[in-house]
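Student: Have a look at this prediction, sequence included:
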Amino acid sequence: MAATTPDVDVLIVGSGPAGAAFARTIGDAVPSATILMVEVGPAIPGVRGEHTQNMTESDRVAAQLLTQGPHAGIERATALADIAEGIDPSLEFRQTVLPGLFFVDPRPVHGCGEVGLPAASMASGVGGMGIYWAASCPRPRQSERIACIPGDQLDAALDRAEQLLGVSRVEGGDIGVPGALRAAMAAEFDGPGLSPVGFMPSAVRWEGDTLRFSGTGVILGEIERTVPGFELRSETLARRVVVEDGVAIGAEIEDRRTGAVTLVRARHVVVCADGLRTPQVLFASGVRPPALGHHLNEHFQMVSFVQLNDEFDPAAFPPDERGALGYVLIPFSDARPMQGGVMALANSPYKLSMGDDPATQRLGLVAWYGAKDVLHRDAVEFSETETDFYGMPKMSIRYGRTERDLETIEQMRRNSLRSAELIGRLIEEPTLAAGGSSLHYQGTVRMGAVDDGLSVCDPYSRVWGVENLYVGGNGVIPTATAANPTLTTVALAWRSAIRLAAALG
């Protein structure tokens with residue numbers, strides 16, 4: 001077969017944090033590279049990849065309406081009119097779909113003994129979830145870390161990910177109400193073999209008097225200026241990766257504005273669609289290793305509101321302006337397989353409507369996230385005959401809980417009560433959020449040390465059995481985690497992109 005000149009060096013499917021990390025890293029290493037990034041959703045007005053927390057209220061609402069996929073342009077109340085049984089739209093911030101997102105399946109069907117992920121959601125727009133994420137960047141600890149990557153290499157990748165995301169850490173002693181909250185949590189939850197209580201590293205920065213959140217655009221940086229061959233093409237669907245003789249040679253893409261379908265040839269293809277759509281693209285491409293879609297997991301989530309005691313009244317403290325969110329972190333440890341967080345909502349940099357009632361100024365947030373028992377049977381599966389809104393293989397999710405999971409959930413409930421009682425009075429009992437609410441779907445294209453049928457890609461995110469095909473995103477993470485995964489996801493993408501860039505030479 002005669003060789004065909006590729007249209008681009010690298011084709012990246014998806015414009016979220018992982019895809020951005022691939023593009024930025026390859027562009028920095030090989031500025032002469034031609035890189036095409038395709039995004040199924042629309043461009044968002046304003047700065048490319050800007051975090052919505054940095055926008056005005058009107059611009060933020062406009063961005064949210066654009067990224068709702070099949071519900072684009074529809075007000076949230078209407079979009080939530082037909083949702084899964086048992087999901088209450090009045091609790092949408094904590095338990096259902098967030099503004100700007102749409103359900104994977106508004107009326108999922110669960111198998112016998114399964115609980116499913118009824119609130120599983122996604123966004124479609126330039127920047128992906130990187131324009132909505134909470135900016136929390138804890139490092140994975142102990143069994144959360146990935147065993148098939150040498151420890152020093154993983155740490156170096158995490159270092160670089162912190163640089164790409166612009167992560168800030170709280171340094172110094174306990175100051176203000178966050179410091180008082182940290183001290184209270186440390187007295188209760190520190191102990192032998194447990195990671196000490198501290199503050200959540202956060203991808204935020206001060207610009208004058210304004211705290212800015214790192215969106216996907218921060219990762220991409222000035223790539224359009226430094227890499228002339230970079231292009232970000234919105235409203236473009238990657239229908240399938242084209243594989244010839246075991247080699248990925250490009251992808252079939254569709255312009256969703258015109259319906260035109262073309263083949264873009266590439267030396268390397270990187271699929272970073274998200275933890276659910278990345279395996280969907282591989283399935284549609286006929287790339288179906290045994291582990292594809294399996295080992296699906298997200299951490300359990302339990303969030304409670306607290307009326308803070310007098311000693312933690314934010315009005316009695318000066319604001320803590322050290323470049324972070326003031327979010328107290330109770331880290332994951334193997335001896336306590338969950339992550340806790342406590343935060344005073346008054347003076348929070350998050351744009352929350354607190355109202356004028358003095359009682360609302362004393363609200364705090366207590367959140368616990370538990371690691372899931374990872375099993376092969378938990379999976380996102382795809383139909384051979386039915387399609388979704390985008391014409392891709394329709395998804396269905398199989399998901400259950402083990403006895404170990406039930407024990408973790410009960411321990412989360414007890415820890416929620418313990419942490420809340422230390423600082424105030426619970427407004428309501430801790431409740432497990434609907435499955436899928438965390439938006440952190442892992443394991444579906446998981447990496448592994450060897451091609452033994454239990455993983456989809458190698459430690460450099462190269463898909464087993466297909467040359468020049470890479471995957472990225474939360475789905476690559478093979479471990480059970482309670483920690484927010486974005487930092488790890490960007491670290492893995494950077495590490496893989498360094499190897500890919502070397503191959504371009």
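Tutor: Done, it's in.
Student: Now do the strands in the stretch 1-150 of the chain.
Tutor: 8-13, 35-38, 102-103, 121-122 (DSSP state E, counting those that start in this stretch).
Student: The nearest residue to Arg48 once chain neighbours are set aside and Ile330, how far apart?
Tutor: In this structure, Arg48 finds its nearest non-sequential neighbour in Gly217, 5.3 Å apart by Cβ to Cβ, 6 or more residues apart in numbering. To be clear about C-beta, it is placed using only N, CA and C from the backbone, and glycine gets the same treatment. Plainly put, Gly217 is 31 Å away from Ile330 if you go by Cβ to Cβ, to the nearest Å.
Student: what's the answer for Thr408, then?
Tutor: Taken as Cβ to Cβ, the span from Thr408 to Ile330 is 15 Å.
Student: between these two, which one's more packed in?
Tutor: Neighbour comparison, Thr408 and Ile330: the larger count goes to Ile330, with 28 against 24 (by other Cβ atoms under 10 Å).
Student: Which residue is the nearest non-sequential neighbour of the more buried one?
Tutor: With sequence-adjacent residues excluded and distances taken as Cβ to Cβ, 6+ apart, Ile330 is closest to Gly340, at 3.4 Å.
Student: ok so, going back, going by mean pLDDT, which of the strands of the stretch 1-150 of the chain comes out lowest?
Tutor: Set side by side, the strands of the stretch 1-150 of the chain differ in mean pLDDT, and strand 102-103 is lowest with a mean of 90.
Student: list the helices and strands it packs on?
Tutor: Of the remaining helices and strands, those touching strand 102-103 by 3 or more Cβ pairs under 8 Å, 6 or more residues apart in numbering; DSSP states H and E are strand 121-122.
Student: now for the helix or strand Phe382 falls within, which elements pack on it?
Tutor: In this structure, Phe382 is located in strand 379-387 according to DSSP states H and E. Packing contacts for strand 379-387, counted by 3+ Cβ pairs under 8 Å, 6+ apart, involve helix 277-284, strand 393-398.
Student: check which helix or strand covers the spatially closest residue to Glu252 that is not a sequence neighbour.
Tutor: What sits nearest to Glu252 in space, not counting adjacent residues and going by Cβ to Cβ, 6+ apart, is Arg239, at 4.6 Å. Secondary structure here is read from DSSP H and E; on that basis Arg239 sits in strand 236-244.
Student: Parallel or antiparallel, list what pairs with that strand.
Tutor: Looking at strand 236-244 with DSSP bridges, its partner strands are strand 247-255 (antiparallel).
Student: May I ask which helix or strand of the chain has the lowest mean pLDDT?
Tutor: In the chain, the helix or strand scored least confidently by mean pLDDT, DSSP states H and E is helix 92-95, which has a mean of 37.
Student: what sits against Glu188?
Tutor: With contact taken as Cβ atoms under 8 Å, 6 or more residues apart in numbering, Glu188 is in contact with 418-419, 422.
Student: Do you have the helices of the stretch 101-250 of the chain handy? List them.
Tutor: Read by DSSP state H, counting those that start in this stretch, the stretch 101-250 of the chain holds these helices, from start to end of the chain: 151-165, 176-189, 216-220, 223-226.
Student: of all the ones you listed, which lies closest to Gly246?
Tutor: When these are compared for distance to Gly246 using Cβ to Cβ, the nearest one is helix 151-165, at 27.8 Å.
Student: and the closest one, which residues are buried?
Tutor: Across helix 151-165, burial judged by 16 or more other Cβ atoms under 10 Å covers 154, 157-158, 160-162, 164-165.
Student: In TSV: those, plus pLDDT and distance to Pro196.
Tutor: Supplementary listing: the buried residues of helix 151-165 in TSV, determined by pLDDT from 0 to 100; distance: Cβ to Cβ, whole Å:
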residue	pLDDT	distance to Pro196
Leu154	98	21
Ala157	98	23
Leu158	98	18
Arg160	98	25
Ala161	98	22
Glu162	98	19
Leu164	98	26
Leu165	98	23
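Student: Now flag whichever of these is closest to Ser202.
Tutor: Out of the buried residues of helix 151-165, the member with the shortest distance to Ser202 (by Cβ to Cβ) is Leu165, at 9.3 Å.
Student: Would you confirm that the closest one contacts Val204?
Tutor: No: under the criterion of Cβ atoms under 8 Å, Leu165 lies out of contact with Val204, with a separation of 9.6 Å.
Student: which residues are common contacts for those two?
Tutor: With Cβ under 8 Å, 6+ apart applied, the overlap between the contact sets of Leu165 and Val204 consists of Ser214.
Student: re earlier: now render the helices and strands packed on strand 379-387 as a markdown table, adding mean pLDDT and distance to Cys148.
Tutor: Compiled in a markdown table, these are given as follows (pLDDT from 0 to 100; distance: least, Cβ to Cβ, whole Å):
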| stretch | mean pLDDT | distance to Cys148 |
| --- | --- | --- |
| helix 277-284 | 98 | 19 |
| strand 393-398 | 96 | 26 |
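Student: out of these, which comes closest to Met55?
Tutor: Of all the helices and strands packed on strand 379-387, helix 277-284 sits nearest to Met55, with 25.1 Å by Cβ to Cβ.
Student: what's the span of stretch 134-145 from first residue to last?
Tutor: Chord length of stretch 134-145, first to last residue, is 21 Å (Cα to Cα, to the nearest Å).
Student: Identify all contacting residues around it.
Tutor: Stretch 134-145 is contacted from outside by 51, 53, 146, 151, 154, 158, 161-162, 165, 167, 195, 200-204, 213-214, 325, 327, 329, 331-334, 337, 339, 371, 479-484, 486-488, using Cβ under 8 Å, 6+ apart.
Student: same thing but 6 Å
Tutor: 158, 167, 195, 200-204, 213, 331-332, 334, 479, 481, 483-484, 487-488 (Cβ atoms under 6 Å, 6 or more residues apart in numbering).
Student: residue contacts, the closest residue to Ala260 other than its chain neighbours?
Tutor: Counting by Cβ to Cβ, 6+ apart, Ala260 lies nearest to Glu254, which is 7.1 Å off, once chain neighbours are set aside. Taking Cβ under 6 Å, 6+ apart as the contact definition, Glu254 lies against 237, 239, 261.
Student: you'd agree the first one is up against Glu39?
Tutor: No: with contact defined as Cβ atoms under 6 Å, Leu237 and Glu39 do not form a contacting pair (9.2 Å).
Student: Isn't Leu220 up against Ala20?
Tutor: Yes: the pair Leu220 and Ala20 passes the contact test of Cβ under 6 Å, sitting 4.8 Å apart.
Student: max-length strand in this structure?
Tutor: Within the chain, and with DSSP state E defining each element, the longest strand by residue count is strand 261-271.
Student: Domains in the chain, by residue range?
Tutor: The chain breaks down by automatic domain parsing into domains covering 1-67+123-166+217-269+456-473+486-505, 110-120+178-213+294-441.
Student: what's the most buried one of the ones you listed?
Tutor: Ranked by average neighbour count under the criterion mean count of other Cβ atoms under 10 Å, the domains of the chain are headed by domain 1-67+123-166+217-269+456-473+486-505 at a mean of 20.
Student: For Met412, which non-adjacent residue is spatially closest?
Tutor: Leaving aside its sequence neighbours, Met412 sits nearest to Trp368 (Cβ to Cβ, 6+ apart; 4.4 Å).
Student: Please confirm that the one you found is located within a helix.
Tutor: No: secondary structure assignment (DSSP: H, G, I helix; E, B strand; the rest coil) places Trp368 in strand, not in a helix.
Student: Tell me the pLDDT of it.
Tutor: For Trp368, the pLDDT comes out at 98.
Student: how close does it sit to Leu417?
Tutor: With the distance defined as Cβ to Cβ, Trp368 ends up 10 Å from Leu417.
Student: and what of Asp313?
Tutor: For Asp313, the distance to Leu417 (Cβ to Cβ) stands at 22 Å.
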